[in-house]
Structure formats: structure tokens, C-alpha cells
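Student: missing the sequence, but the structure's below:
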């Protein structure tokens, strides 16, 4: 058992408190571990940092998909989205597709054990929070929006979904971040547009932090803080090129902080690999509920905890953009398989075009020959069939070692592990999706974004990249502090 975990069983804990523990998931959107407690010196996140000081900060937590709906589908079932037919982004929300038997969302198991389940949007305790499943529920996934509506003495499993770090970013007028103080990753150009966009992202995390603080304070005010296991994490990685939608760490690595008084040593840092599909069986186990045998996630807290050798993530169609990518990651290496290498990394996607300033910047600089070789790769007309990264020496995943003879043994091992995983989990990625699903999505979204959004910006539906970059340069401005 890990040294960071105090050897107190969930059963003993329940006996000591005469109550079963409450479980709270605070779910952010579209962010990596870019908080103060993860080493970012310019981001002010005192509430998240304090939570980390009272619990465990996990350095290697990953979602099983780089975009919300397949990731959340896996999160809530403890099953890979590729195993349950939920791997294409927003593919089955309205067509009646239901989960295959015996798969259920975890709230079904919590309810059966007497838990009250709730899900709210931000700090609006009367509005349902985000679910975004790629399947139709047979019944409501939650009992309500606020844990206060439970019966006296009834334990709860609750989610609070906070959207501030999702685009468009929420500006922080209390603590603006100057763009000249930020450091953008080396796979982006060091340019005023990228620095300002990055500063806006970090400011949104600061606003997110204040909302996290309000939620935690409510637990304290209601006397629930010490009998509630708190998870703080995000649904997928950063909303930037090479982040959200990709299987690099910028798309799948997320913050994970867990506070569990009496069980997790305060202020501990954990390097163990954790997948988000592990959250469901782990939380059921901590509540004294036996996780169903079909769950593919594994318990990583408590007396039944196991350590992972690797995590796996998958990318399939997102919006109108067809793709199939798989990755397997250990602590030291990342292997990526591109099933459609003839297609570029940067396929046309109207949402990205509408929302990602750095994408426009890179398109312009690519034509002008002003990108570094590492930056140019994202703009290439095709991609390699395989990618291999030595994370110990290349944490930014800049140098593909798949063709380096020195890494042949590692490549073959990772390749075989992925093949085994795909077979054992019955990966459905090679089963063609009904094309009408993507067509329906396209007709409902793309014309609106291409015409209305661009018109509101004073641009052509298919703007010239240079003119579009000028738009971003005009509109991306530093946040002004409010007078106090």
C-alpha cells in the first residue's frame, strides 16, 4: 500500500463517524494542472492550493478522451468510451442509444445504496450541471441539483460543474495577468497573440479557483467538510491547438486533488498513474459499495488499491472532424497510433477556427516560414502512423522517436500493449459510425458558426487568415483591473 495513504479502512472510518462518507466531485472544464500548487508561479489559486495542502495532489492523472462527452461518458460508467459505443463526440444524445447491459452510470449504484445524488451548474444550486453523455439515459442520472434536498442523515454523492476555464474564457478583473509574464509552451509561437490568449486562460483558472473556494466553504458552514471525500479534477485538457482534441498530455492530463481526512496524509504528492475511469469504482468502494465486475477502471484508494502500469486514451470523431487515434502512456513513455495518417493534425474544424486565436496565428506563420520545426509539425499535411515520446527527456512531446533504432524495443512493447488493450476492451473504433449523426451535427452547428459568428466579427464566413489574425490582434487585450 502506498506510503501516502493512511491505513484506515472505509469501514472503520464509517464506524468512527457513525456516518457513511459523502463524496463530492468538483469538475472544472478544459484545463491541465496549471494551478499554483502544480508549480505555476503567476497563477493565484489559493483555494485549490489549500485543498492540495489538506489532501493529495496527483501529478499523473489522465482522462480517457481529450474532449468532454466521451470523457464524461467513461468517467460516469467506469468503462472506456470505446467499449460502450460512446467514443464519438456528442454522437448519441438524441437518437435513443442507451448503454449496453449491464453498464450503468454510477449514480444508479449510489442510489441503490441509499445515497442522494445531485449535480449543479457552478454556484447555481437550482440549475442542473453538465452531463454531456454520448448516450440516452433510461432515467434521470441525478436525484436533484442540491445536496440539501436529501433526507436527514442521508449521505450524498454530488457533482459541481464549473465552466470558467472553458472558452470563451472568463476574465479576472481582480487579478489580471500581464501577457509579458506568461510562458507559452514551446510548441506555440512566442507572440503577443499567444501570450495574451494564454494569460486569458490562466485568468479563467483564477476565477474557477474562487468558485471552488465557495463550494468548500459551504461544506464547512454546513459541518460537512470532514465527512466528505472531495475530488477536484477537470474533464479534459487545455482548449488550445495540440491540447483538447489531441492525445498529447496537453489534451488528456488533468489536475486531480483528493481530500479525505483521516485517510490521505495532508500535503502529499502522488506520482502514481491514475485514469479517470478509476474514479467510479474507487468512489463506490469508499462508500462501502462493491464495484460491479464489468467496470474496467480499478480502485486506487483504500485497502483494495492497485497501481497502474499505464493509462490509455482514445480520440475519435469530434464535431464534423473525422479521426481515430489511440495512445498508451507509462510514466516514462507515450506511444500514439494514428489510424488516419493521411489526414493532417490540423483538420478543418469550425469550432476551433472560431475559438482558437493561436491556430490562426500558426496558420499565418506557417505560410511565412516563421515556425520552428517543432511548431511546423502541427501544420503538416499528414502525420506519422506512429509516435513515441521519451517523457523523461522530452516532457513536451516534441521529438518523435518512433523511427529511432535505440527505441525499437520500447516501441514494440508499447505497440503490443496497445494491441492487447484494444482486443481485451473490444475497442469499437473500427466500426463505422452512422454518417447521418455527423451530418446532423454539422447542419445544426457549422452554418451558425461560419456565418453568424464571423458576421458578428465583421468577417467573411471563410476569413483570410491574415485578416483573421488582425481581428485577434485587435480584440485580444489585457484585462483591466476593476477600481476598488
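Tutor: The structure has been received and is ready for your questions. Quantities reported herein were computed from a predicted structural model and do not represent experimental measurements.
Student: alpha carbons only for contacts and neighbour counts from here, please
Tutor: OK.
Student: all helices of the stretch 301-450 of the chain, in order?
Tutor: 350-355, 357-367, 373-376, 408-424, 435-447 (DSSP state H, counting those that start in this stretch).
Student: what do you get for the stretch 101-250 of the chain?
Tutor: Going by DSSP H, counting those that start in this stretch, the stretch 101-250 of the chain shows helices at 106-112, 192-221, 249-252.
Student: want to throw those helices into CSV with mean pLDDT and mean neighbour count?
Tutor: Compiled in CSV, the helices of the stretch 101-250 of the chain are given as follows (pLDDT from 0 to 100; neighbours: other C-alpha atoms under 10 Å):
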stretch, mean pLDDT, mean neighbour count
helix 106-112, 98, 17
helix 192-221, 98, 21
helix 249-252, 98, 27
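Student: can you put those helices in JSON lines and add distance to residue 178?
Tutor: Listed next are the helices of the stretch 101-250 of the chain as JSON lines, based on distance: least, C-alpha to C-alpha, whole Å:
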{"stretch": "helix 106-112", "distance to residue 178": "43"}
{"stretch": "helix 192-221", "distance to residue 178": "7"}
{"stretch": "helix 249-252", "distance to residue 178": "22"}
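Student: among those, which comes closest to residue 445?
Tutor: helix 249-252 (22.9 Å; C-alpha to C-alpha).
Student: thinking again about what came up before, now the helices of the stretch 301-450 of the chain as CSV including mean pLDDT, mean neighbour count and distance to residue 101?
Tutor: Converted to CSV, the helices of the stretch 301-450 of the chain look like this (pLDDT from 0 to 100; neighbours: other C-alpha atoms under 10 Å; distance: least, C-alpha to C-alpha, whole Å):
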stretch, mean pLDDT, mean neighbour count, distance to residue 101
helix 350-355, 92, 17, 34
helix 357-367, 97, 20, 42
helix 373-376, 96, 15, 45
helix 408-424, 98, 15, 18
helix 435-447, 83, 14, 23
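Student: now these in TSV, with distance to residue 107?
Tutor: Shown next, in TSV, are those (distance: least, C-alpha to C-alpha, whole Å):
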stretch	distance to residue 107
helix 350-355	32
helix 357-367	39
helix 373-376	43
helix 408-424	26
helix 435-447	28
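Student: now for those, which one comes closest to residue 83?
Tutor: Closest among these, using C-alpha to C-alpha: helix 408-424, at 9.1 Å.
Student: give the contact list for the residue nearest to residue 481 when sequence neighbours are not counted.
Tutor: Closest residue to residue 481 apart from its sequence neighbours, by C-alpha to C-alpha, 6 or more residues apart in numbering: residue 173 at 4.5 Å. Residues in contact with residue 173 (C-alpha atoms under 8 Å, 6 or more residues apart in numbering) are 479, 480, 481, 482.
Student: can you give me the end-to-end span of stretch 270-290?
Tutor: 25 Å (C-alpha to C-alpha, to the nearest Å).
Student: what mean pLDDT would you report for it?
Tutor: Regarding stretch 270-290, the rounded mean pLDDT is 98.
Student: could you do stretch 118-126 as well?
Tutor: Per-residue scores along stretch 118-126 average to 97.
Student: same question, stretch 84-104
Tutor: 88.
Student: all numbers from here: first residue = 55
Tutor: Renumbered: residue one is now 55, and that last one reads stretch 138-158.
Student: name whatever forms a beta bridge with residue 382.
Tutor: Counting by DSSP bridges, residue 382 is bridged to residue 366, residue 389.
Student: I'd say it and residue 368 touch.
Tutor: No: using C-alpha atoms under 8 Å, residue 382 makes no contact with residue 368, being 9.0 Å away.
Student: more neighbours: which of these two?
Tutor: Taking other C-alpha atoms under 10 Å, residue 382 and residue 368 do not tie; residue 368 has more neighbours (29 against 21).
Student: sorry, back to before: filter the contacts of residue 227 down to the buried ones, ChimeraX style.
Tutor: The buried residues among the contacts of residue 227 can be selected in ChimeraX (16 or more other C-alpha atoms under 10 Å) with this line:
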select :533
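Student: from residue 483, how far out is residue 489?
Tutor: Residue 489 is 14 Å from residue 483, by C-alpha to C-alpha.
Student: tell me what the helix or strand where residue 335 lies is packed against?
Tutor: Assessed by DSSP states H and E, residue 335 sits inside helix 333-340. Packing partners of helix 333-340 (3 or more C-alpha pairs under 8 Å, 6 or more residues apart in numbering; DSSP states H and E): helix 122-131, helix 160-166.
Student: nearest to residue 464, out of those helices?
Tutor: Going by C-alpha to C-alpha, the one of those nearest residue 464 is helix 122-131, 27.7 Å.
Student: what comes up buried for that closest one?
Tutor: Buried residues in helix 122-131 (16+ other C-alpha under 10 Å): 122, 123, 124, 125, 126, 127, 128, 129, 130, 131.
Student: go ahead and name everything in contact with that helix.
Tutor: Taking C-alpha under 8 Å, 6+ apart as the rule, helix 122-131 contacts 117-119, 134-135, 140-144, 157-160, 185-189, 289-290, 330-334, 349.
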